[in-house]
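Chemist: generate coordinates for the sequence data below:
(one chain, ligands or ions: 1)
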Amino acid sequence: MTPDPRRIDWRALTDAAREAMSQAYAPYSGYPVGVAGLVDDGRVVVGCNVENASYGVGLCAECGLVSSLHATGGGQLVAVVCVDGDGNVLMPCGRCRQLLFEHGGPDMQISLAGGIKTMDELLPDAFGPAALAAFGSAHSPGQAQQETHSDG
Ligand SMILES: [Zn+2]
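Modeler: Purely as a prediction, here's the structure:
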């Protein structure tokens, strides 16, 4: 069920994202990013980007957010704000949309320059856990074994 966006404290989430951004480790790009997420149990979790001298292994802020989500008890993200170095709301990159979809689902809300959107609007027709579950139920281990032994 989609939470009422008017009941989410977007200002507090944005402040938390800005605070996380101030802790970013972005010496190579000079592009700090912070993110804050409201969890379905009321917790707020945060993340910041962490770059690396081996550029390709740098982590987006959302990676830290999702790790923090699970490290502090799990649950599902219901609302997220991502900010740039000026504290302005920022669109997550494509990979992070996939990350957020996995841990927030299609109804998770995100604050963007144009207003509040849902994950389903950011990543329509998303690949996710349901796709794996559908495949798994169509190819259950019992069925696979039966197929394996049906060649003689
Ligand atoms: Zn990203």
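Chemist: show me the strands in this protein, by range?
Modeler: Applying DSSP state E to the chain gives strands spanning 34-39, 44-48, 77-83, 109-112, 115-118.
Chemist: pick the most buried one from those strands.
Modeler: strand 34-39 (a mean of 27; mean count of other CB atoms under 10 Å). All C-beta spots, glycine's among them, are computed from the backbone N, C-alpha and C.
Chemist: quick one: mean pLDDT over that one.
Modeler: For strand 34-39, mean pLDDT rounds to 98.
Chemist: how about stretch 136-152?
Modeler: 64.
Chemist: same question for stretch 99-115.
Modeler: The average pLDDT for stretch 99-115 rounds to 97.
Chemist: related to what we said a few turns ago, got a markdown table for the strands of the chain, with distance to the ion too?
Modeler: A markdown table is the format used below for the strands of the chain (distance: least, CB to the ion, whole Å):
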| stretch | distance to the ion |
| --- | --- |
| strand 34-39 | 9 |
| strand 44-48 | 10 |
| strand 77-83 | 9 |
| strand 109-112 | 13 |
| strand 115-118 | 16 |
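Chemist: now render these as TSV, adding distance to D9.
Modeler: Listed next are the strands of the chain as TSV, based on distance: least, CB to CB, whole Å:
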stretch	distance to D9
strand 34-39	8
strand 44-48	9
strand 77-83	9
strand 109-112	11
strand 115-118	13
